[in-house]
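**Student:** prediction below, plus the sequence it came from.
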Amino acid sequence: MSKNIFSKLLTGLLICCLHSIAYGQSKNIPADLYKAATIPDSLKKDANAVVRYRFVDITVKSAGRKVTKEHSIITILNEKAEGEAEIELGYDKRFRSVNTERMLVYNAEGKMIKKYERSDMYDRKAYDGMSIITDDRIIGMKHDIATYPITIEQIIETESNSYLDLGSWYYQYPEMAVQNSTYRISINPAIGFRYKNKNTTIAPKKEVLNGMDSYTWYVQNLSAFKMEDEALYWQVVPKISFASNLFEYDGMPGDISTWQNYGKWQYALNTDVCSLTPAREEEVRAMTANLKSDKEKVKFLYEYMQHNMRYVSIQLGIGGLKPFPATFVDQKKYGDCKALSNYMCSLLKAVKIPGYYAIVRAEPNQEPADPDFPADPFNHIIVCVPLKGDTTWLECTSSTQPFGKLGTFTENRNALLVTEAGGKLVSTPKSNIDDNQFNNEVHLVLDADGGAKVKMQLRGSGGYRDILLSLDHIKVDEQKEGLIKRLGFKQPSSINITPADDKDGVKTIDVEMEYDKFCDIMAGDKQFYRPRVFDLWRLTIPVLEKRKSDYYFEHPMKKTCVTTIDLPAGFEVESLPANASLKFSYGNYEANYVYDAAKNQIVATTKFNLTNYVIPAAKYNEMQQYMDNIAKAQNKKLVIRKKA
């Protein structure tokens, strides 16, 4: 028998053995899987932890009802993976329950040193940082690790009587090796089953057992990998997504085999909550009677909602999916993303303008919903208004978002429009450099002793507006510290920040600073300066032999800064930094310096454009050199001297 055939036979026997005892006593699992010394050297490289064994077994007997069993053994090699010694499971009174939760701890030699049962664990309300009230609870605990390596065994069983899809299997995370891992779904064939691979090509073994379709995936001996800087998790980490065609949530059956069918279910869920009272609708029509165009009416109603309603997250029962009635929001003056978006649609409905409830995945650079795999990857609601020749999108949870602008939170995704005819998956807008501008004017007055006084006006739109707006909500000292850190100022002797306008999507702040020492070097009758208060671009990236993943910024951008420098009386320019004009496939950088001897004044104009926020891996080295060249250009000194 060849070595290769013997290895395959041994692997097959191990799979059968592990599957047969997955929920028996842990003593039945091969003892070597508990001992750190038995980890192959190939699995230790770049790994903070090693999955010695994991078996996830999901049984779906009917739509909406599933039981999930998981048994895992993970050896933690260092403190970077200490989170693997924690167990946290969510449940609620109506939809999800935890039947079994156990954690056992073993030392490096494989000897059990601690055992945690459910009675040893905390049980508390879940808190997501936003919701003021929720049905969700968490049961769990964390083992405090004294020495490494250490091995954690977890045995878990949960049950659900409502679901939309069947989730995903991420079989390997960054900096984690996998020795053995199995995922099995057994499902009633009557409800249908779909799966889709991303960043992997592994295929399941399919069987029919006791009238159920059974799908089993298995991986072994996967070496750890590292994420590259600014790569996106969902573009790199292997994943298999699962869904049944039929589902049930809170007793409401649905079909998610197509986006259209899923939209029909959501539309039916919202039918009884999407209208205002007739009297209130009449008031809304009166408010907009003097406005001529539909777009003017939409803008007026959006800003009315922003000024009169506030965002409050409340997740109760099916409330995690169904919005509060529009009449509730109208009376109480608050709601979550679902309720406020539904309310906005009801305002539009009152004036006979179609507006669609749109379900989307939020947070910057999140994975778009897959057109070819209907499921529920969503976590946020916005509104789409298909005006003639000018589709308008509305972010209803923000009291400050400009009309018709989404920003990085939801731009460039696939959103599911919920219409009477069902769901329709459409793309949200993609911002360009004109949407995200940071334009600055700086007046810098130097003194003969190397100090300086600075007056600046900073203006931001898009993502930069968000940054400047965020300063309004923190303490003065935190504002100063945050601005200095973000823009990279030298530490001033004093700083004063004054909010100015916030108009037409552009936020302005005025900043005044004083420096006892702004000069970098003083030598004899000469002074050496960086000819600006802050660099327009500060990022540099390491040299890589071959980049594998695309590099992501949050958005494209246009940045400018005009710095006027008044020289001290009795001084003149000895040398200006060289002008710079640098180009990159997705942007450019320019710096220009002009000295007016009559005014004894320098005007430095700097521009930076990034036209695409996704940089293909093949362009990484070009970008790396480009950013290094920007850094070199910005390090050039202005030299002034006392007049003879």
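**Tutor:** Structure received.

**Student:** now do the strand ranked longest in the chain, average pLDDT.
**Tutor:** Secondary structure of the chain per DSSP state E: the longest strand is strand 49-62. Taken as a whole, strand 49-62 carries a mean pLDDT of 97.

**Student:** any buried residues in it, and which?
**Tutor:** 49, 50, 51, 52, 53, 54, 55, 56, 57, 58, 59, 60 (16 or more other Cβ atoms under 10 Å). Any C-beta I mention is one placed from the backbone N, CA and C, and that applies to glycine too.

**Student:** report the distance from the one helix or strand residue 138 maps to to the chain centre.
**Tutor:** Using DSSP states H and E, residue 138 sits in strand 137-142. Mean C-alpha position of strand 137-142 versus that of the full chain (Cα atoms, centre = their mean, to the nearest Å) differs by 24 Å.

**Student:** what's in contact with stretch 257-275?
**Tutor:** For stretch 257-275, contacts defined as Cβ atoms under 8 Å, 6 or more residues apart in numbering pick out 192, 194, 245-246, 252, 254-256, 281, 318, 321-327, 342, 345-346, 349, 357, 359, 371, 374, 376, 416-425.

**Student:** what mean pLDDT does it get?
**Tutor:** Averaging pLDDT along stretch 257-275 yields 96.

**Student:** just checking: what are the partner strands of the strand holding residue 138?
**Tutor:** Here strand 137-142 is paired, per DSSP bridges, with strand 86-91 (antiparallel), strand 122-125 (antiparallel).

**Student:** pick the most buried one from those strands.
**Tutor:** strand 86-91 (a mean of 16; mean count of other Cβ atoms under 10 Å).

**Student:** now do the end-to-end distance for stretch 614-622.
**Tutor:** End-to-end span of stretch 614-622 (Cα to Cα, to the nearest Å): 14 Å.

**Student:** any buried residues in that stretch, and which?
**Tutor:** 615, 619, 620.

**Student:** using the three-state scheme, assign the second one.
**Tutor:** Three-state assignment for residue 619 (DSSP: H, G, I helix; E, B strand; the rest coil): helix.

**Student:** now mean pLDDT and distance to residue 384 too, for the strands paired with strand 137-142, in a markdown table please.
**Tutor:** Converted to a markdown table, the strands paired with strand 137-142 look like this (pLDDT from 0 to 100; distance: least, Cβ to Cβ, whole Å):
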| stretch | mean pLDDT | distance to residue 384 |
| --- | --- | --- |
| strand 86-91 | 91 | 31 |
| strand 122-125 | 87 | 34 |
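
**Student:** quick one: closest of those strands to residue 436.
**Tutor:** Closest of these to residue 436 is strand 86-91, at 36.2 Å (criterion: Cβ to Cβ).

**Student:** what separates that closest one from the chain centre, distance-wise?
**Tutor:** Centroid separation for strand 86-91 versus its chain: 22 Å, with Cα atoms, centre = their mean.

**Student:** residue ranges with poor pLDDT in the stretch 101-250 of the chain?
**Tutor:** 127-134 (pLDDT under 70).

**Student:** that one: strands as residue ranges?
**Tutor:** For the stretch 101-250 of the chain, applying DSSP state E, counting those that start in this stretch gives strands covering 112-116, 122-125, 131-134, 137-142, 150-160, 168-169, 176-187, 194-198, 205-209, 212-222, 239-243, 246-249.
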